[in-house]
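# based on what follows, work out the 3D shape:
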Amino acid sequence: MDINSDDLKTFITVIDSGTLSAASVHLGQTTSGVSRALSRLEDKLATSLLTRTTRRMELTEEGHLFLERARAILGAMEEAEESIRIRRQKPAGRLCVDAASPFMLHCVVPHMAEFRALYPEIKLELSSNDQITDLIEHRTDIAIRIGTLTDSTLHARALTSSPLHVLASPDYLRRHGTPETPQDLARHSLIGFAQYEQGNNWPLRHAAGNSLPITPSIAASSGETLRQLALTGQGVVCLADFMTRADIAAGRLVPILVDANTGYCQQIHAVYYRNTQLAQRISCFLEFLQQKL
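Residues are numbered from 1 along each chain as shown. Coordinates of the predicted model:
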């Protein structure tokens, strides 16, 4: 049973076109040629994919199953071909990338010199928004988003995940003591997000569950602002590993309540609209960034 990509393409085109004659136009073949190709495919599979009458065609149960798999196979082949073309060609043109300021500063900017050396013809525009934005309205090609995605109209690619740490500066802990249990946080100054309630649920086990809602003593809209407040000893904060790893390693911030931490990781995705003119630029940027992450 030697089924090839032409067989799959013919079958999918027939279904998408609705009739054999319409499919023949798309494929540049005769109607009888398309009909014979479809019959050969059914012979190879030893099953009927379509019920054909003079008025219409309907997929059989096996046809529905085969159509789903055929689309997936052709899609994978197109992605593979595109990735090879990207390696052979030099992408060029404008590429606008948006990310929350902490991710931009800690995970994107440090690698841009290398990216620009690899792809000198791509003109990067970097912007920072801490809220979900309309990509078209803001002329954004790729948006990197942290946490649960809500817009199902966008294509999404998982880049990485990052654990959350509950942290404080050594100076703050000297002045106020180290919390031993999540309940002890009620007696401390807590640094949290403004207008982002999900960020104020900390991954700490306690009597009522595995997520501890906190009421900030001081709040800000940007995670980078929260980091700076914590570094200056303003209180206890919960932030992602990608933006605090260096601070922890240098002793500027100290993880606390480690035993109570559930180990929850924030998911990080790149979202974008499918655009064939942009596909090469988007793919090379995301492949590069994912390797760095």
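# C-alpha only now, for contacts and for neighbours.
OK.
# quick one: the helices in the stretch 101-250 of the chain?
Taking DSSP state H, counting those that start in this stretch as the test, the helices found in the stretch 101-250 of the chain are 101-103, 112-118, 170-176, 223-231, 241-250.
# and the contacts of the second one?
So the one you mean is helix 112-118. With contact meaning Cα atoms under 8 Å, 6 or more residues apart in numbering, helix 112-118 is reached by 122, 285, 288.
# so of these, which ones are in strands?
residue 122 (DSSP state E).
# just put the contacts of helix 112-118 in a markdown table and tack on pLDDT and distance to residue 11.
Converted to a markdown table, these look like this (pLDDT from 0 to 100; distance: Cα to Cα, whole Å):
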| residue | pLDDT | distance to residue 11 |
| --- | --- | --- |
| 122 | 89 | 38 |
| 285 | 91 | 34 |
| 288 | 91 | 36 |
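# list only buried entries from the contacts of helix 112-118.
122, 285 (16 or more other Cα atoms under 10 Å).
# for the stretch 151-293 of the chain, which segments count as strands?
155-168, 190-193, 201-202, 212-213, 218-220, 236-240, 254-255, 265-272 (DSSP state E, counting those that start in this stretch).
# one step back: quick check, nearest of the contacts of helix 112-118 to residue 56?
residue 285 (45.3 Å; Cα to Cα).
# of all the strands of the stretch 151-293 of the chain, which one is nearest residue 128?
Comparison of the strands of the stretch 151-293 of the chain against residue 128 by Cα to Cα identifies strand 265-272 as nearest, at 13.9 Å.
# pLDDT weak spots in the stretch 151-293 of the chain?
The model of the stretch 151-293 of the chain has pLDDT under 70 over residues 151-153, 274-278.
# re the thing from before, save the contacts of helix 112-118 as TSV, and put in distance to residue 3 too.
Formatted as TSV, these follow (distance: Cα to Cα, whole Å):
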residue	distance to residue 3
122	40
285	35
288	35
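# ok, the contacts of helix 112-118 vs residue 143, which is closest?
residue 285 (11.8 Å).
# which residues touch the closest one?
residue 115.
# for residue 260, see how far away it is.
From residue 285 over to residue 260 the distance is 37 Å, taken as Cα to Cα, to the nearest Å.
# before we move on, what about residue 219?
For residue 219, the distance to residue 260 - Cα to Cα - is 23 Å.
# of these two, give the one with the bigger neighbour count.
Shown here are residue 219 and residue 260; by other Cα atoms under 10 Å, residue 219 has more neighbours (19 against 16).
# my guess is that one contacts residue 189. True?
No: between residue 219 and residue 189 there is no contact under Cα atoms under 8 Å: 10.8 Å.
# neighbours around residue 148, how many?
11.
# let me know the pLDDT of residue 119.
pLDDT, residue 119: 90.
# could you do the one 10 residues further on as well?
Looking at residue 129, its pLDDT reads 75.
# got it, and the one 3 residues further on?
Residue 132 is assigned a pLDDT of 51 by the prediction.
# what of residue 61?
According to the prediction, residue 61 has pLDDT 90.
# okay, the nearest residue to it once chain neighbours are set aside and residue 141: tell me how far apart.
Excluding its sequence neighbours, the residue lying closest to residue 61 (Cα to Cα, 6 or more residues apart in numbering) is residue 49, at 7.7 Å. Between residue 49 and residue 141 the computed distance is 40 Å (Cα to Cα).
# equivalent analysis for residue 168, please.
From residue 168 to residue 141 the distance is 36 Å (Cα to Cα).
# more neighbours: those two, which one.
residue 168 (28 against 22).
# check contacts around that one.
230-231, 233, 235-237, 253-256.
# give me the number of residues near residue 102?
22.
# do residue 257 as well
18.
# list the buried residues in stretch 262-270.
For stretch 262-270, using 16+ other Cα under 10 Å, the buried residues are 262, 264-270.
# residue contacts, residue 121?
90-93.
# which among those end up buried?
residue 91.
# with secondary structure added, can I get the contacts of residue 121 in CSV?
Formatted as CSV, the contacts of residue 121 follow (DSSP: H, G, I helix; E, B strand; the rest coil):
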residue, secondary structure
90, coil
91, coil
92, coil
93, strand
